[in-house]
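> What would the 3D arrangement of this be:
(2 chains)
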Amino acid sequence: MSKQYVMGNGAIALGALSAGVNLVAGYPGTPSSEIIETIAKYPHEGMYVEWSVNEKAAMEVAAAAAYSGARAMVTMKQVGLNVASDPLMSLAYVGVKGGMVVVSADDPGPISSQTEQDTRRFAEFARIPVFDPSSPEEAFEMVQDAFDCSKKYQTPVILRPTTRVDHAYASIDAPDVFEAKEYEGFVKDSKKWVIFPRLSFQNHAMIEKRNVKIGEEFSSSRYNTVAGSSEKAVVATGVSYAYAAEFLKDCPDVRLIKVGTPYPLPESFLLRALEGVSEVLCFEELSPYIEESILKLIGKHHSKINVRGKLTGDVPPSGENDADSARRIIGSFLGLEISERGADLLGAPLPPVRPPVLCAGCPHRASFYAVKKAMKGKKAYFCGDIGCYTLGNAMPLDMVDTCLCMGAGVTMAQGFYHMDPDATAFSFIGDSTFFASGVTGVVNAVYNAADIILCILDNSTTAMTGHQPHPGTGRNLMATPVEKVSIEKILTAIGVKKVMTVDPLDLDAAVAAVRECAEIKGVKVIIFKSPCVAITKPTGKMRVDTEKCIGCLRCIREIGCPALSVKDGKAVIDENLCTGCGLCAQLCAVKAIGGV
Amino acid sequence: MMKKDILICGVGGQGTVLASKIIAASAMEEGYAAHSAETIGMAQRGGPVTSHVRIGEDAYSPLIPIGGADLLIAFEPSEAVRNLKYLKKDGFVIVNCVPVKPTTLGSSEAYDGKAEIAFVRSMCDCLVLDSDELCAPFGSTKFFNVAVLGAAAGVGRLGLSADTVRDTIIRIVPERFREKNLAAFEAGYQIGEENYANQ
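Residues are numbered from 1 along each chain as shown, chains lettered A, B, ... in the order given. Down below sits the predicted model:
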């Protein structure tokens, strides 16, 4: 054993490895990505790890391992669970043998997500148990207990961390060497492993009975705790418990209840914990899950307890909780005097707004700019997708009209085409997203004869989530090299007649490619191929010749590169940021920008 | 038992995460409990980022409350102002005066960080650094993240021994960057020490 200072996601990985996990699969997504990255750092006999092509694939790969009696873990962010929900819902009925933990990381805020959905609701929807850690230390313990629970009840179990647990660092006592569990192997039994209506009917009844039992077992779980004995109680879950506990450390009398296993509800624990309570405040993030559970519970038992929380407006319906909202909300619930903290910042200069932007030298900027230039004055729809290139929406590029979910741009462009055939419908998708969920959209376009231009922004990595490899990169988590899956060959095989590959940093060639495709009917694909600047060495630096610069500031107005700014009325390049991509030099009307 | 909350703030890409890792690892080396929390994901691409570093057993939650930070290390003037509410009444600020201009035109011309630095000076005890000047010998302002830790140690506000921090740098920074990082730490330490008396 040794102490390691790790991220919450690292703690989850170390917990799974300590539990002897045999197979781990997942798809990158903030805030979950570092779990698999940590697992991959500890290769050992009997343990297999992969980045799957998407979350549905990961769930199914892991399910087969769990059918084989092995311990399997699958990781994703909350919206990834939507993609994997088809196998999960059925898997909940079929059950598992070895042990299967589904990690779905929620993102209150949301900080890096499309939705503020609550995986606890998904667990209840699927009728499977869920653990909700309040700290990295607890996540390390919980994932091990989740495996035991899964094995014992032969069901997939969810671990639901949130961003502030995933991305918090703490020191964990973990073994130095890991040993994967031995497993029996798959035993054929079609009555058990083949889902049919009759099996689902039987198992549905079994699951409902079983969940009552699990709720009872959870009632004595060490993750459900109560401290203090006041008539007014606070119930908190996840990281909100940490905020509440810190605020209440000087008020030991206040009854503070933690629920670490929200579903199946630990009813007897809660009934005991709430004995003698007249009013309870539910302090939680995302949905009022515990609040509604307690409302149901006290309704069932005709208890006279006032329940406050999101439904009563005491806790905000959206966004994160933090140390300060804990102080304000819990303080006011308890009738404590809340003094203002922190310096009085009256008269402070207003800090500039800093929306996230594409990095200096990012080839996506050049791709968007080429399309924008080629389509100037023409009617066009620009359907974006999920990845760094969503940031193409920012001014001055302003090249993302829609963004819905992974792969949606490809198919939405088709919908726009059918509604308005005279306009040109574009879809922008990254290479990793193309593999994850773009391919079927292209099949749909070819089959239904849609007229679209698909722009694949191929930077040979999954950039936004931290540069994970994918099917097109030639490496996976177990081996290098592996056969690269060719995007061109996939498209040709589907029947796309026009596939062009261009370097987006060659502005004239890129613009010409877009113009050429805009003249052709049917499905056209332009692969804009250039590596991600965050993981490649800069090719050089650009500098503005202030003698030649006429201060038209076209470079700044049109491309919005973070390395460009104005000094004394002229453009200036920050050489600490510049990667030498040369896009600004190519659009400068007076050729004032050149390599250093 | 020492208890110290340190908030590090800046703009995505400035290297705040390494600074927070070095502080936390050094604190643990000296036998203290440490926790930290980072901004990771989309905001990292040029947005405001913070690292909350909490040293001592008393820290239950990953985030420092408003008015709770003993030390605010700001890599950028306006980010110092944005996060000043986290500073304790008698807290100390180390701030870089070199601005990172927003990419949209208009605000980019007006903003030079001078008003922000003046405001920070008027509000609290602080040490103002110039990352361009400080990092000139090392060829890149990327070394500011380690230089600023030297300044924090030199000015006596880090609560950790400079030797422990040096050892941590040697331990966790890749070998090819080690020498420059140690030199950057010394450069920061010197400026910090010179200002120690002026507090």
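> Now for the chain, the helix or strand with the poorest mean pLDDT.
I went with chain A, as the question did not name one. When the helices and strands of chain A are scored by mean pLDDT, DSSP states H and E, strand A:564-567 comes last with a mean of 88.
> let's do chain B instead
Across the helices and strands of chain B, mean pLDDT, DSSP H and E gives its lowest value to helix B:107-110, namely a mean of 60.
> Let me know the next secondary structure element after that one.
Next helix or strand after helix B:107-110 toward the C-terminus (DSSP states H and E): helix B:114-123.
> So is that following helix next to chain A?
Yes. Remark: helix B:114-123 sits within contact range of chain A at B:115-116, B:119, B:123, by C-beta under 8 Å from any C-beta of the partner chain. Where C-beta positions appear, they are placed from N, C-alpha and C, glycine not excepted.
> Compare these and tell me which is most surrounded.
Among these, the one with the most neighbours (other C-beta atoms under 10 Å in any protein chain shown) is residue B:116, at 27 neighbours.
> Can you tell me how far that one is from residue B:39?
Counting by C-beta to C-beta, to the nearest Å, the separation of residue B:116 from residue B:39 is 20 Å.
> what does residue B:193 give?
Plainly put, residue B:193 is 31 Å away from residue B:39 if you go by C-beta to C-beta.
> quick one: which of these two has more around it?
Remark: of residue B:193 and residue B:39, residue B:39 carries more neighbours, 22 against 16, as counted by other C-beta under 10 Å.
> can you dump the C-alpha coordinates of the helix or strand hosting residue A:513 into CSV?
Element membership for residue A:513, per DSSP H and E: helix A:507-518. The C-alpha trace of helix A:507-518 is given here as CSV (Å, rounded to 0.1, in the frame of the first residue of the first chain):
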residue,chain,number,x,y,z
LEU,A,507,-6.6,28.5,-47.4
ASP,A,508,-6.9,28.7,-51.2
ALA,A,509,-7.1,25.0,-51.7
ALA,A,510,-9.6,24.6,-48.8
VAL,A,511,-11.9,27.4,-50.3
ALA,A,512,-11.6,25.8,-53.7
ALA,A,513,-12.7,22.4,-52.4
VAL,A,514,-15.8,23.9,-50.7
ARG,A,515,-16.7,25.8,-53.9
GLU,A,516,-16.3,22.7,-56.0
CYS,A,517,-18.5,20.6,-53.6
ALA,A,518,-21.2,23.3,-53.5
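> Packing partners of that helix?
helix A:363-374, strand A:452-458, strand A:498-502, strand A:523-529, helix A:583-587 (3 or more C-beta pairs under 8 Å, 6 or more residues apart in numbering or on different chains; DSSP states H and E).
> cutoff 10 Å now
helix A:363-374, strand A:424-430, strand A:452-458, strand A:498-502, strand A:523-529, helix A:583-587 (3 or more C-beta pairs under 10 Å, 6 or more residues apart in numbering or on different chains; DSSP states H and E).
> The third one to strand A:498-502, inter-axis angle?
Note on geometry: by axes from the mean of the first three to the mean of the last three C-alpha atoms, to 10 degrees, strand A:452-458 and strand A:498-502 are set 30 degrees apart in direction.
> and residue A:158, what helix or strand is that in?
Here residue A:158, judged by DSSP H and E, is contained in strand A:157-159.
> so what strands line up beside that strand?
Applying DSSP bridges, strand A:157-159 is found paired with strand A:99-105 (parallel), strand A:130-131 (parallel).
> so which of those is the most packed in?
Ranked by mean neighbour count under mean count of other C-beta atoms under 10 Å in any protein chain shown, the strands paired with strand A:157-159 are led by strand A:99-105, which reaches a mean of 30.
> Now the element after it, going C-ward?
Assignment by DSSP H and E places the next element after strand A:99-105 at helix A:119-126.
> mind listing what's buried in that following helix?
Residues of helix A:119-126 classed as buried by neighbour count (16 or more other C-beta atoms under 10 Å in any protein chain shown): A:119-124, A:126.
> Mind exporting the C-alpha coordinates of that helix to CSV?
What follows is helix A:119-126, C-alpha atoms only, in CSV (Å, rounded to 0.1, in the frame of the first residue of the first chain):
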residue,chain,number,x,y,z
THR,A,119,-28.3,9.7,-13.2
ARG,A,120,-30.1,8.8,-10.0
ARG,A,121,-33.3,9.1,-11.9
PHE,A,122,-31.9,6.8,-14.6
ALA,A,123,-31.1,4.2,-11.9
GLU,A,124,-34.6,4.3,-10.6
PHE,A,125,-36.0,4.2,-14.2
ALA,A,126,-33.9,1.1,-14.9
